[in-house]
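[1] mind looking at a prediction? Sequence and model below.
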Amino acid sequence: MTVYVALLRAINVGGTGRLPMAALKAMCEAAGFQAVRTYIASGNVVFSAAGSEREVKAALEERLLIHAGRPVGVVIRSADEIRHIFEANPFPDAPPDRTVAICLDAAPPADTLQRLKGRQDEEVRLGKREIYVAYGAGMGRSKLAIPAAASGTARNMNTIAKLAELAAAM
């Protein structure tokens with residue numbers, strides 16, 4: 001069994017994609033995942049499963065489609081990968097609540113940094129399958145658009161740290 005972290009896209013953020021965490025936990029258990037634990041109401045779930053990353057993603061997305069009536073994006077990381085995302089943060093001195101990792105299914109395109117729009121005081125770096133952003137004045141004031149991030153989902157470093165801790169404890 002592998003310990004995974006699932007990050008759901010656009011769940012319970014800004015009034016979109018309502019999904020009670022108890023329902024998410026039940027979906028994961030129905031998919032055969034073990035030791036399921038959710039973290040905050042923004043679509044974060046830690047569990048163990050026997051399948052590959054691709055199989056786990058497909059099983060969860062299928063259940064979410066049935067529940068929501070529309071596709072819900074899911075990004076999967078292993079416990080080691082979520083820990084690495086935290087450790088690889090290129091902005092360790094930036095406030096963790098203003099620094100995010102945008103998790104993608106694949107490596108960001110080589111031209112990601114050249115295609116940024118509306119950049120002000122934000123710093124952006126590429127990771128293995130992540131785009132890191134340190135929002136200088138905060139996300140609320142930012143006009144930054146990252147076309148390569150459209151299919152990804154962002155979590156701030158506080159959340160990444162907690163998910164890495166939960167996954168390591170399993």
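    Sure thing, it's come through.

[2] when you work out contacts or count neighbours from here on, use the C-alpha atoms and nothing else.
    Will do.

[3] ok, the residue lying farthest from the centre of the chain - contacts?
    Largest separation from the mean C-alpha position in the chain: Gln120, at 23.9 Å (C-alpha atoms, centre = their mean). Listed by C-alpha atoms under 8 Å, 6 or more residues apart in numbering, the contact partners of Gln120 are Ser142, Lys143, Leu144.

[4] swap in 10 Å and give it another go.
    Tyr135, Gly136, Ala137, Arg141, Ser142, Lys143, Leu144 (C-alpha atoms under 10 Å, 6 or more residues apart in numbering).

[5] hang on, it in a strand?
    No: counting by DSSP: H, G, I helix; E, B strand; the rest coil, Gln120 is not part of a strand but coil.

[6] quick check: the gap between it and Ala149.
    17 Å (C-alpha to C-alpha, to the nearest Å).

[7] quick one, strands of the protein?
    Assigned by DSSP state E, the strands in the chain fall at 2-8, 34-39, 44-49, 74-78, 99-103, 123-126, 130-134, 153-156.

[8] buried residues in the top helix by length along the chain, which are they?
    When the chain is parsed with DSSP state H, its longest helix is helix 53-68. Residues of helix 53-68 classed as buried: Glu53, Val56, Lys57, Ala59, Leu60, Glu61, Glu62, Arg63, Leu64 (neighbour count, 16 or more other C-alpha atoms under 10 Å).

[9] go on, stretch 144-161?
    Across stretch 144-161, burial judged by 16+ other C-alpha under 10 Å covers 144, 146, 148-149, 152-161.

[10] what about those, which are in helices?
    Those of the buried residues of stretch 144-161 lying in helices (DSSP H): Met157, Asn158, Thr159, Ile160, Ala161.

[11] fine, thanks again, bye for now.
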